[in-house]
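# Show me the folded form of this:
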Amino acid sequence: MAEGFDLELQDYCSHCGDFDPDVEKIEVSSFGDRAHSYTTTIKCENAYKCARIYENMREYYESSKFFRTE
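This next block holds a predicted model:
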C-alpha cells in the first residue's frame, strides 16, 4: 500500500515566508478497488531557489576563516 502523504521539504523550509505549496495528487487504486486511494506529494514551488541559497551559504561558511578549526 502506498503512503498517503509524501512531504518533500527541508529543515530550512520551516517558517519560510516564501513557502508556496505545490501539491500533486495521484490516484493509486488498483483496478476493481471499490474505494479510490490517492498519494499526495507536498513540496514548495521555490524549492530549487532555496536549495541554491542554502548551498551557497553553506559553501561560504565552510570556506570562511572565521569557522575554520585549524
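
# This structure: strands as residue ranges?
When assigned using DSSP state E, the strands of the chain occupy the ranges 5-7, 21-27, 38-44.

# Low-confidence regions, this protein specifically.
1-3, 65-70 (pLDDT under 70).

# change it to 90
Under the criterion pLDDT under 90, the flagged ranges of the chain are 1-5, 12-16, 18, 26-38, 58-70.

# which of the strands of the chain sits most buried?
strand 38-44 (a mean of 15; mean count of other Cβ atoms under 10 Å). In this view, the C-beta of every residue, glycine as well, is placed from N, C-alpha and C.

# so it versus strand 21-27, what angle?
160 degrees (axes from the mean of the first three to the mean of the last three Cα atoms, to 10 degrees).

# got the contact list for stretch 14-26?
Residues outside stretch 14-26 that contact it (Cβ atoms under 8 Å, 6 or more residues apart in numbering): 13, 38-47, 49-50.

# farthest pair in these?
Checked with Cβ to Cβ, the contacts of stretch 14-26 reach their widest spread between Tyr38 and Lys49, with 28.2 Å between them.

# okay, the contacts of stretch 14-26 in JSON lines with distance to Tyr61 next?
JSON lines is the format used below for the contacts of stretch 14-26 (distance: Cβ to Cβ, whole Å):
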{"residue": "Cys13", "distance to Tyr61": "19"}
{"residue": "Tyr38", "distance to Tyr61": "41"}
{"residue": "Thr39", "distance to Tyr61": "37"}
{"residue": "Thr40", "distance to Tyr61": "35"}
{"residue": "Thr41", "distance to Tyr61": "31"}
{"residue": "Ile42", "distance to Tyr61": "29"}
{"residue": "Lys43", "distance to Tyr61": "26"}
{"residue": "Cys44", "distance to Tyr61": "23"}
{"residue": "Glu45", "distance to Tyr61": "26"}
{"residue": "Asn46", "distance to Tyr61": "22"}
{"residue": "Ala47", "distance to Tyr61": "21"}
{"residue": "Lys49", "distance to Tyr61": "19"}
{"residue": "Cys50", "distance to Tyr61": "16"}
